[in-house]
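Colleague: Output the structure for:
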Amino acid sequence: MEGTCALILAAGRGERFGRAGGKLWSLVGGVPVWGWAVRAFQEHPEVDHIVLVGREQELPRLRAQTEPLDKVVAVVRGGRERWESVHLGLEAVPAQDRWVLVHDAARAAVSSGLISRVLHATRQTGAAIPALRVPDTVKWVNAAGVVQQTLPRERHAGGETWQLMAVQTPQGFAVDILREAYQRYDFREGAPTDDAMLVERFYPVSVVPGDPGNIKLTYPEDLARLEAILLEGGETRTGFGYDVHPFAEGRRLMLGGIHIPAPRGLAGHSDADVVLHAITDALLGAAGMDDIGTHFPNTDPAYRDADSAELLRLAWARIREGGWGLVNVDVTVLAETPRLRPHVPAMRERIASVLQVDVDRVNIKATTSERMGFIGREEGIACYAIATLRR
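Modeller: Numbers count the residues shown, from 1 in each chain. Model (predicted):
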C-alpha cells in the first residue's frame with residue numbers, strides 16, 4: 001500500500017508572536033490553532049496517517065487532545081530548529097507510507113483543495129510545493145531601517161524567465177527522497193528554512209499554485225485575519241441564561257468558580273454558584289441543548305453539593321462536540337452584599353480556564369438593585385448571562 005502521512009510541525013516557540021502560551025495554543029472558535037491544521041488533514045480522504053511534532057513539555061496535552069483522532073499515529077518531540085523537528089518526525093512515519101506532506105501547524109487555514117493539489121503533484125513528480133507569485137516589490141533593509149537593495153521579481157537566465165515566489169506548506173515528497181535529502185545535506189552550510197531547500201539540491205521540486213488564504217500565524221495581528229478566514233460563513237448563535245439563589249447560613253459562597261469570603265453562602269442542590277449556572281444555561285441555550293436542569297437534575301443525588309465549575313466543564317465539552325466554539329460570554333451579577341468588584345478578575349480567570357478560552361472572551365459586571373426587591377433586602381443573589389457561539 002502506498003499510503004500518505006501528514007507530518008505536522010507544532011514545536012515552534014513562536015517568539016515573534018509575543019503572547020503568553022504561544023501562538024499555536026491561541027484559540028480560534030474555541031479550537032487551538034494547531035488543532036485546525038490537524039483537523040484539515042484528519043478530514044482529508046487521501047491522508048492516511050498523521051504524525052504531530054510538538055515541544056516536549058506540551059506532548060501530554062497534545063496527546064490527550066488528539067487521542068480521539070484515528071489518523072494520528074504518533075505525537076513526538078521536536079527539536080530546537082525546524083529541520084530537526086522534521087528529521088525526528090520522519091522517524092515516526094509509518095513504514096507503509098510512501099508519501100509525506102510536511103506542514104506548519106501555524107498555517108491553520110490550509111484547505112482541502114490545496115492539500116489535494118500538492119499531493120497529486122507529489123505523486124507525479126516526487127516532490128512538490130505550493131507557492132504564490134510575489135506581487136509587491138521586495139527590499140533588503142538594514143537594522144537602521146534603511147533600504148540596502150531591491151530584489152527583482154523576475155530574472156532572465158538561459159532564455160527562461162524566473163519568478164520570485166512565496167512558498168507555503170504543505171510540501172510534499174516521496175518519503176525516501178526526503179530522507180535521502182536529510183542524509184546528504186550539509187547542515188554546516190546553514191539551517192534550511194523549509195524542506196524543499198534540502199531536496200532541491202539533489203532532486204527537482206515542482207511548484208503548484210498556493211492559496212492566498214493559507215496564511216501563516218506569525219505576529220499577533222495575524223490572529224484576527226486567521227479568525228476571519230477560518231470562521232467565515234460559520235453559523236453564529238446567542239443564548240441567554242438566568243439564575244437566582246437565596247442566602248443560607250452555614251454554606252460557603254461560591255461565585256464564578258471561586259470562594260468569596262462572606263458570612264453566608266447560597267442555598268441549592270449543588271454549590272449554588274449562580275454565575276456559573278447562568279453561564280451554563282446561556283451556553284446550552286445558544287447550542288439548542290435545553291438547560292442545566294436537564295443535564296444535571298437536582299433530583300439526582302450525584303449532583304448534591306456538586307462543583308458547578310465541573311458541571312460547566314462537562315456541559316461545555318458536550319457543546320464543543322457539536323462543533324461550537326465560544327465567541328464571548330457577558331455576565332451581570334446582582335448582589336447587594338458582599339461587594340464583588342474586587343473578585344471579578346479572579347472570576348474571569350477561573351471561567352476562562354474552565355472554558356479554555358482567552359480571558360478577554362469572558363466579561364463580568366457586578367451591580368446592585370439599589371436596595372429594591374429581594375436583592376435589595378439582601379435575601380439572595382441573581383445573575384444574567386449572554387453567550388455567543390460560532391460553529
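Colleague: Okay, strands next: where are they in the stretch 251-391 of the chain?
Modeller: With strands called from DSSP state E, counting those that start in this stretch, the stretch 251-391 of the chain shows them at 253-255, 258-260, 265-266, 325-334, 362-367, 380-390.
Colleague: now, of the ones you listed, which is deepest in the fold?
Modeller: When the strands of the stretch 251-391 of the chain are scored by mean count of other Cβ atoms under 10 Å, the highest mean neighbour count falls to strand 253-255 (a mean of 24). For every residue, glycine as well, the C-beta is placed using N, CA and C.
Colleague: tell me the mean pLDDT for that one?
Modeller: For strand 253-255, the mean per-residue pLDDT is 97.
Colleague: Figure out how far it is from the centre of its chain.
Modeller: Centre-to-centre, strand 253-255 and its host chain are 31 Å apart (Cα atoms, centre = their mean, to the nearest Å).
Colleague: on that earlier part again, who wins for proximity to A282 among the strands of the stretch 251-391 of the chain?
Modeller: Taking Cβ to Cβ, strand 380-390 is the member of the strands of the stretch 251-391 of the chain nearest to A282, at 3.8 Å.
Colleague: now the strands of the stretch 251-391 of the chain in TSV, with distance to L88?
Modeller: As requested, these are exported to TSV (distance: least, Cβ to Cβ, whole Å):
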stretch	distance to L88
strand 253-255	46
strand 258-260	42
strand 265-266	53
strand 325-334	31
strand 362-367	38
strand 380-390	36
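Colleague: Could you point out which of those strands sits nearest P204?
Modeller: strand 325-334 (42.2 Å).
Colleague: How is the protein partitioned into domains?
Modeller: By the record's domain assignment, the chain is partitioned as 3-135+147-231, 236-390 (automatic domain parsing).
Colleague: Enumerate every residue touching the closest residue to T368 other than its chain neighbours.
Modeller: Spatial nearest neighbour of T368, excluding adjacent residues (Cβ to Cβ, 6 or more residues apart in numbering): E336 at 5.1 Å. Listed by Cβ atoms under 8 Å, 6 or more residues apart in numbering, the contact partners of E336 are 368-369, 371, 375-378.
Colleague: Kindly report the same for L266.
Modeller: L266 sits next to 245-248, 251, 253-254, 272-274, 380-381 when contact means Cβ under 8 Å, 6+ apart.
Colleague: Make TSV from these and add distance to A37 to it.
Modeller: Shown next, in TSV, are the contacts of L266 (distance: Cβ to Cβ, whole Å):
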residue	distance to A37
H245	43
P246	49
F247	49
A248	49
R251	46
L253	43
M254	38
A272	42
D273	36
V274	39
G380	47
I381	43
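Colleague: closest to V86 among those?
Modeller: Nearest to V86 among these is D273, at 47.3 Å by Cβ to Cβ.
Colleague: residues in contact with the closest one?
Modeller: Counted by Cβ under 8 Å, 6+ apart, D273 has contacts 254-257, 266, 308-309.
Colleague: Please, where are all the helices along the stretch 251-391 of the chain?
Modeller: 274-286, 292-295, 308-321, 344-355, 373-376 (DSSP state H, counting those that start in this stretch).
Colleague: Pick the most deeply packed of those helices.
Modeller: Using mean count of other Cβ under 10 Å, the stretch among the helices of the stretch 251-391 of the chain with the largest mean neighbour count is helix 274-286, at a mean of 27.
Colleague: Next one: R313 from V33, what distance?
Modeller: Distance, R313 to V33, using Cβ to Cβ, to the nearest Å: 22 Å.
Colleague: Quick check: G35 touching L62?
Modeller: No: using Cβ atoms under 8 Å, G35 is not in contact with L62, being 9.6 Å away.
Colleague: ok, the nearest residue to P130 once chain neighbours are set aside to R117 distance?
Modeller: Among residues not flanking P130 along the chain, G210 sits closest, at 3.8 Å (Cβ to Cβ, 6+ apart). Noted for G210: a distance of 9 Å to R117, by Cβ to Cβ.
Colleague: Need the residues touching each of those two.
Modeller: In contact with both G210 and R117: P130, using Cβ under 8 Å, 6+ apart.
Colleague: In the protein, what helix or strand scores lowest on average pLDDT?
Modeller: Lowest by mean pLDDT, DSSP states H and E among the helices and strands of the chain is strand 154-157, with a mean of 81.
Colleague: Tell me the first helix or strand C-terminal of that strand.
Modeller: Moving toward the C-terminus from strand 154-157, the next helix or strand (DSSP states H and E) is strand 160-163.
Colleague: correct me, but Q96 touches V73?
Modeller: No: using Cβ under 8 Å, Q96 is not in contact with V73, being 10.8 Å away.
Colleague: Tell me which of these two has more neighbours.
Modeller: Higher neighbour count among Q96 and V73: V73, with 16 against 11, using other Cβ atoms under 10 Å.
Colleague: neighbours around the spatially closest residue to A267 that is not a sequence neighbour, how many?
Modeller: Counting by Cβ to Cβ, 6+ apart, A267 lies nearest to A248, which is 3.6 Å off, once chain neighbours are set aside. Residues lying near A248 (other Cβ under 10 Å) number 14.
Colleague: Where does V93 sit: helix, strand or coil?
Modeller: Look at V93: counting by DSSP: H, G, I helix; E, B strand; the rest coil, its state is coil.
Colleague: Count the neighbours of it for me.
Modeller: 23.
Colleague: Now do the contacts for the residue lying closest to it once chain neighbours are set aside.
Modeller: Leaving aside its chain neighbours, V93 sits nearest to C5 (4.7 Å; criterion: Cβ to Cβ, 6+ apart). When contacts are counted by Cβ under 8 Å, 6+ apart, C5 touches 47-51, 73, 93-94, 97, 99-101, 175.
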